[in-house]
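Undergrad: Dropping a prediction and its sequence here:
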Amino acid sequence: MFDIKFTQRAIEDLQVFPKAEQQWIVSNLESQLAEDAAEETEDRRRLHPNGPVEWEIRLGKVRVFYDVDIENGTVKIEAVGKKFFV
């Protein structure tokens, strides 16, 4: 089980969203990343290992970028954004 932590930047990113959407994003992250944050799925993919972040998860039009520390059992949310174009 992973402990989810938000960087200051990710917290600032979240504050752009309406309160209800913030709660929806956090709830989805907790349910989807708490168990298997380092496993690829249809909505979760591994990016370049030497890039600024290693993982991306799609929550509808919301994109969340994060790193996983398996040894310490933590997921560090680095950035949250919204995809505007299809």
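TA: Nice, thanks for sending it over. Fair warning: this is a prediction, and the values are worked out from it, not measured in the lab.
Undergrad: which parts of the helix ranked longest in the chain are buried?
TA: If you go by DSSP state H, the chain has its longest helix at helix 19-33. By 16 or more other C-beta atoms under 10 Å, the buried positions in helix 19-33 come out as 25, 28, 29, 32, 33. For glycine as for every other residue, the C-beta is placed from the backbone atoms N, C-alpha and C.
Undergrad: I'd like to know which elements it is packed against.
TA: Helices and strands touching helix 19-33, by 3 or more C-beta pairs under 8 Å, 6 or more residues apart in numbering; DSSP states H and E, are strand 3-6, helix 8-14, strand 55-59, strand 62-69, strand 74-82.
Undergrad: Residue 81: neighbour count?
TA: Residues lying near residue 81 (other C-beta atoms under 10 Å) number 14.
Undergrad: For it, which non-adjacent residue is closest in space?
TA: Once flanking residues are discounted, residue 81 sits nearest to residue 63: 5.2 Å by C-beta to C-beta, 6 or more residues apart in numbering.
Undergrad: What residues does residue 14 make contact with?
TA: 6, 22, 25, 26, 80 (C-beta atoms under 8 Å, 6 or more residues apart in numbering).
Undergrad: pLDDT value on the third one, please?
TA: By that I understand residue 25. If you check residue 25, the pLDDT there is 97.
Undergrad: correct me, but it touches residue 80?
TA: Yes: using C-beta atoms under 8 Å, residue 25 is in contact with residue 80, at 6.6 Å.
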